[in-house]
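[1] Sequence plus predicted model, see below.
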Amino acid sequence: MALFKLENVEDLYEIGEVLGSGHFGQVREVLERATGTRWAGKFLKLRKSASSRLGLERKNVEREVEILQSLQHCNIMALKDVFESRSEVVLIVELISGGELFDFIAAKESLTESEAIEFIEQILHGVEYMHSKRIAHFDLKPENIMLSDKLVPHPHIKIIDFGLAQHLTQGEEYRSLCGTPQYIAPEVINYEALSEGTDMWLSGISPFQGDTDEETLRNILAMNYEFDDYHFSQTTAMAKDFIQKLLVKDQNERMTAEESLLHPWIKPLNRKQAASRCRSSINMKNFKKFNARRKWKMSYNMVSACNRLCHLQLLCKASAKANEELRQCESDQEDTESKPASLLRRRLSSSS
Ligand code: ATP
């Protein structure tokens with residue numbers, strides 16, 4: 001069982017502005033009083049009783065902490081310390097101030113494939129490292145890929161949010177229905193045993209995106225995608241081959257992180273291959289459109305979760321403290337938004 005410090009986190013850290021929020025709490029900038037160093041504090045609300053719908057079970061927080069403690073890699077967010085009070089656990093982690101990778105890219109005028117590869121390679125190095133320790137992230141999506149500093153010439157990737165990560169054990173099967181529809185792998189929708197391969201079903205701009213979540217999941221199961229000219233006319237054949245080797249329905253046939261790093265699109269075999277990556281560019285108009293839609297969907301999910309809470313009159317109870325309100329809104333999403341696949345799967349099976 002992970003041991004968390006029982007001291008009051010505020011005695012050691014000054015709590016600053018909110019950097020972001022997730023299903024189970026807020027992430028805030030914190031200042032270490034003894035050294036003046038800036039960190040990020042992830043405040044996770046603990047479930048008060050087994051019957052409560054709000055907050056995280058302690059065992060899930062322990063799992064996230066144990067996994068973070070076992071990962072030390074330059075492309076993975078580092079954990080410094082953990083504090084526990086009666087109602088919450090605070091993870092002190094490295095401060096990642098460059099924002100989300102996708103927002104950084106969307107703000108650019110142009111991006112060549114070789115610039116994109118610099119980022120993809122770093123993500124793959126982080127994923128290869130965690131897979132070498134038999135840890136699967138199970139929630140790799142644009143929101144969880146950040147940059148440590150976006151103002152440097154070659155920004156550094158950091159993978160965050162190990163809330164759904166699992167240590168896979170030989171001989172034990174792990175199944176889950178959690179995930180975000182656009183990025184969910186077929187084996188998750190089908191409730192099959194998952195593996196490290198599930199993380200490799202990684203496609204930034206989901207080619208399966210339907211008008212509704214249900215349509216998106218159907219497209220994934222039917223492997224309904226194509227490299228249409230409108231979106232992929234500027235994409236090299238090597239890039240398409242790379243994507244195709246990841247969008248394989250059978251997780252055992254999908255490229256591993258190790259194999260991906262050796263694919264000629266990432267590691268060109270000759271000068272001709274290297275040169276073609278520099279000439280090809282990413283279709284920025286489509287990328288910006290995708291990113292705007294992704295952001296809109298994220299805000300929509302957050303607002304609708306808060307609306308549901310208002311209906312339950314939980315906000316009234318929590319109105320004493322503004323911060324508490326926000327954290328409870330996010331906690332409530334656990335049983336609804338964080339399991340869209342589960343809900344949709346039930347809907348899919350009942351409608352087919
Ligand atoms: P989710 O609901 O997606 O599972 P979560 O509750 O597990 O979220 P995180 O995804 O870890 O929380 O963090 C929520 C947000 O806080 C992130 O999307 C990001 O914007 C911000 N954030 C997280 N970690 C850091 C960090 N180390 N430095 C700066 N900002 C961070």
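    Received it, and whenever you're ready, just let me know what you need.
[2] Mind giving me the packing neighbours of the host helix or strand of residue 218?
    Using DSSP states H and E, the element containing residue 218 is helix 213-221. Using 3 or more C-beta pairs under 8 Å, 6 or more residues apart in numbering; DSSP states H and E as the contact criterion, the secondary-structure elements in contact with helix 213-221 are helix 186-189, helix 340-351. Any C-beta I mention is one placed from the backbone N, CA and C, and that applies to glycine too.
[3] comparing those, which gets the lowest mean pLDDT score?
    Note on those: helix 340-351 shows the lowest mean pLDDT, a mean of 44.
[4] was I right about residue 30 contacting residue 40?
    Yes: using C-beta atoms under 8 Å as the test, residue 30 is close enough to residue 40 to be in contact (6.8 Å).
[5] joint contacts of those two?
    Counting by C-beta atoms under 8 Å, 6 or more residues apart in numbering, the common neighbours of residue 30 and residue 40 are residue 92.
[6] quick one: which of those two has more around it?
    For residue 30 versus residue 40, neighbours defined as other C-beta atoms under 10 Å are more numerous around residue 30 (26 against 21).
[7] Doesn't that one belong to a strand?
    Yes: checked against DSSP: H, G, I helix; E, B strand; the rest coil, residue 30 lies within a strand.
[8] Any figure for the gap between it and residue 9?
    Residue 30 is 8 Å from residue 9, where distance means C-beta to C-beta, to the nearest Å.
[9] so what sits against both of the two?
    Taking C-beta under 8 Å, 6+ apart as the contact definition, residue 30 and residue 9 share the neighbouring residues 15, 41, 92.
[10] Buried among these? Make that a ChimeraX selection.
    The buried residues among these can be selected in ChimeraX (16 or more other C-beta atoms under 10 Å) with this line:
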select :41,92
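[11] Quick check: residue 31 touching residue 17?
    No: with contacts defined as C-beta under 8 Å, residue 31 does not count as touching residue 17, sitting 10.8 Å away.
[12] Who has more neighbours out of the two?
    Between residue 31 and residue 17, counted using other C-beta under 10 Å, the more crowded position is residue 31 (16 against 7).
[13] Report pLDDT for that one.
    Residue 31 carries a pLDDT value of 98.
[14] Write down the beta-bridge partners of it, one by one.
    For residue 31, the beta-bridge partners under DSSP bridges are residue 14, residue 38.
[15] contacting residues for it?
    If a contact means C-beta under 8 Å, 6+ apart, then residue 31 has 13, 14, 16, 37, 38, 39 as its contacts.
[16] ok, for the fourth one, nearest residue in space, not its chain neighbours?
    Using C-beta to C-beta, 6 or more residues apart in numbering and skipping residues adjacent in sequence, the residue nearest residue 37 is residue 31, 7.4 Å away.
[17] Likewise for the third one?
    Taking C-beta to C-beta, 6+ apart, and ignoring the residues beside it in sequence, residue 16 has residue 29 as its nearest neighbour in space, at 3.9 Å.
[18] The one you found: what's it in contact with?
    With contact set as C-beta under 8 Å, 6+ apart, residue 29 has these partners: 16, 17, 19, 38, 39, 40, 41, 95.
[19] so which of those also contact the ligand?
    When C-beta under 6 Å from any ligand atom is applied, the members of the contacts of residue 29 adjacent to the ligand are 19, 40, 95.
[20] In CSV: those, plus secondary structure.
    Converted to CSV, these look like this (three-state DSSP):
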residue, secondary structure
19, strand
40, strand
95, coil
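[21] nearest to residue 142, of those?
    Using C-beta to C-beta, the shortest approach to residue 142 within these belongs to residue 19, at 16.8 Å.
[22] So the closest one is in contact with residue 27, correct?
    Yes: when contacts are counted by C-beta under 8 Å, residue 19 is listed as touching residue 27 (4.8 Å).
[23] where do the contact lists of those two overlap?
    By the contact definition C-beta under 8 Å, 6+ apart, residue 19 and residue 27 are jointly contacted by residue 40.
[24] Counting neighbours, go ahead and name the busier of the two.
    The residue with the greater number of neighbours, taking residue 19 and residue 27 and applying other C-beta under 10 Å, is residue 27; the counts read 21 against 17.
[25] pLDDT wise, what is residue 237 at?
    The predicted local confidence for residue 237 comes out at a pLDDT of 84.
[26] number of nearby residues for it?
    Neighbours of residue 237 under the rule other C-beta under 10 Å: 11.
[27] how near is it to residue 63?
    From residue 237 over to residue 63 (counting by C-beta to C-beta), the distance is 42 Å.
[28] Could you do residue 189 as well?
    Relative to residue 63, residue 189 is positioned 23 Å away (C-beta to C-beta).
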